[in-house]
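Enquirer: Predicted model and sequence below, questions to follow.
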Amino acid sequence: MADLSKPRVVAVGGPTASGKTTLSVALAKAFDGEIINADSMQIYKNLDVGTAKPSAEEQQGIPHYLLDFLEPEMPYSVADFTAAADPLIRKLTARGKLPVVVGGTGLYITSLLNGMNFAPEKIDPAIRARLQARADAEGGAALYAQLQSIDPDYAAQVHPNNLPRVIRALELYEATGRKMSVERISARATEPPYRSLCLCLTCRDRAALYDRIGRRVDLMVKNGVLDEAKQVYDHRESYRTAAQAIGYKELFPYFEGTAPLEECTEKLKQATRNYAKRQLTWFRRQNDAVWLYIDEENVIDRACSLVREFLQN
């Protein structure tokens, strides 16, 4: 009976350009739901094109939370996300709404659904400042190499370019002597806090997904991603997270005059394809995820059927 009292949550994940926004809005409309964003870059204000943030038209009047609310200078972590998303889920449930969590940041979705308990750490800000200064002087690769030597298990889960996560793991170790890999295991709740259904979108044919990514990048260029990327480039010292994000840093050589736009655009497409591979790897580790193939089926019809069954059980 205790399990029946848990809030029900539907999550929509998967790689970039797989249609998560369209499906999540359709589900919210069909089941009286509201949407909680789980994309670590779409939280930032004024970074719309490069993050593929859903427009007001795409949102179709469905309330979206944790979207477009934070200044680009501000850091944001998975602990911040779970701390904000959990009370939202409970408030929506109390109002009779279905919480639909949607995004491509697999760490956010799985940490939330698994009930990861991130205890706040009072870490000396001087440690973070020193690590950041070292990254500026020696490059992020030096810090990643240090993380590999200290905590190889966690380093294997982090992309070498994800400097914020690398720094957080190093500062935790320096301040407390605890490894992030061990911290993550101990943070997992004994049982999940919600009854959840996780739907993941992709293409059965990987080439079809890559074609969608290529068309999305071309549309981003057409819709003004250069202006956003220039903004990030000009503020790269303060926009620490955005400056590392795929969609912006690949265009920096164009602003520096060291590469033509066409070459940077192709590198952006390749970087996005590589990111999609990492997203797929992450979500495929979630054994309870249900995969929907956008190149083989009507995913909205299938998803609605799955959600209907989930809500009735």
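Expert: Okay, I see it.

Enquirer: Measure how buried the nearest residue to Asn162 once chain neighbours are set aside is and give me the count.
Expert: With sequence-adjacent residues excluded and distances taken as Cβ to Cβ, 6 or more residues apart in numbering, Asn162 is closest to Gln244, at 6.8 Å. Bear in mind the C-beta positions are built from the backbone N, C-alpha and C, glycine included. Other residues within reach of Gln244, judged by other Cβ atoms under 10 Å, total 19.

Enquirer: Tell me how far the longest strand seen in the chain lies from the chain's centre.
Expert: The longest strand of the chain (DSSP state E) is strand 195-202. Distance of strand 195-202 from its chain centroid, counting by Cα atoms, centre = their mean, to the nearest Å, is 15 Å.

Enquirer: who does it pair up with?
Expert: strand 8-13 (parallel), strand 290-293 (parallel) (DSSP bridges).

Enquirer: Which among those strands is found nearest to Val182?
Expert: strand 8-13 (25.7 Å; Cβ to Cβ).

Enquirer: I'd like the next helix or strand past the closest one.
Expert: Where DSSP states H and E defines the elements, the next helix or strand beyond strand 8-13 is helix 20-30.

Enquirer: what mean pLDDT would you report for whichever helix or strand comes after that following helix?
Expert: Sequence-wise, the next helix or strand downstream of helix 20-30 (DSSP H and E) is strand 33-37. Taken as a whole, strand 33-37 carries a mean pLDDT of 98.

Enquirer: what do you get for stretch 248-264?
Expert: 96.

Enquirer: what comes into contact with it?
Expert: 50, 221, 225-226, 228-230, 232-233, 236, 242-243, 265, 267-268, 271 (Cβ atoms under 8 Å, 6 or more residues apart in numbering).

Enquirer: residue ranges of the helices in the stretch 151-300 of the chain, please?
Expert: Assigned by DSSP state H, counting those that start in this stretch, the helices in the stretch 151-300 of the chain fall at 152-155, 163-176, 180-187, 206-222, 225-234, 240-243, 252-256, 261-284, 299-312.

Enquirer: Among the ones you listed, show the one with the smallest mean pLDDT.
Expert: For those, mean pLDDT drops lowest on helix 180-187, to a mean of 74.

Enquirer: Give me the phi and psi angles of the spatially most central residue of the chain.
Expert: Nearest to the geometric centre of the chain sits Thr105, at 2.1 Å (Cα atoms, centre = their mean). Main-chain torsions, Thr105, degrees, to the nearest 10: phi -90, psi 90.

Enquirer: can I assume it is in contact with Asn37?
Expert: No: using Cβ atoms under 8 Å, Thr105 is not in contact with Asn37; the gap is 9.3 Å.

Enquirer: Give the residues shared as contacts by the two.
Expert: Common contact partners of Thr105 and Asn37 (Cβ under 8 Å, 6+ apart): none.

Enquirer: gap between the residue nearest to the centre of the chain and Thr258?
Expert: According to Cβ to Cβ, to the nearest Å, Thr105 stands 30 Å off from Thr258.

Enquirer: can you check Ala243 too?
Expert: From Ala243 to Thr258 the distance is 17 Å (Cβ to Cβ).
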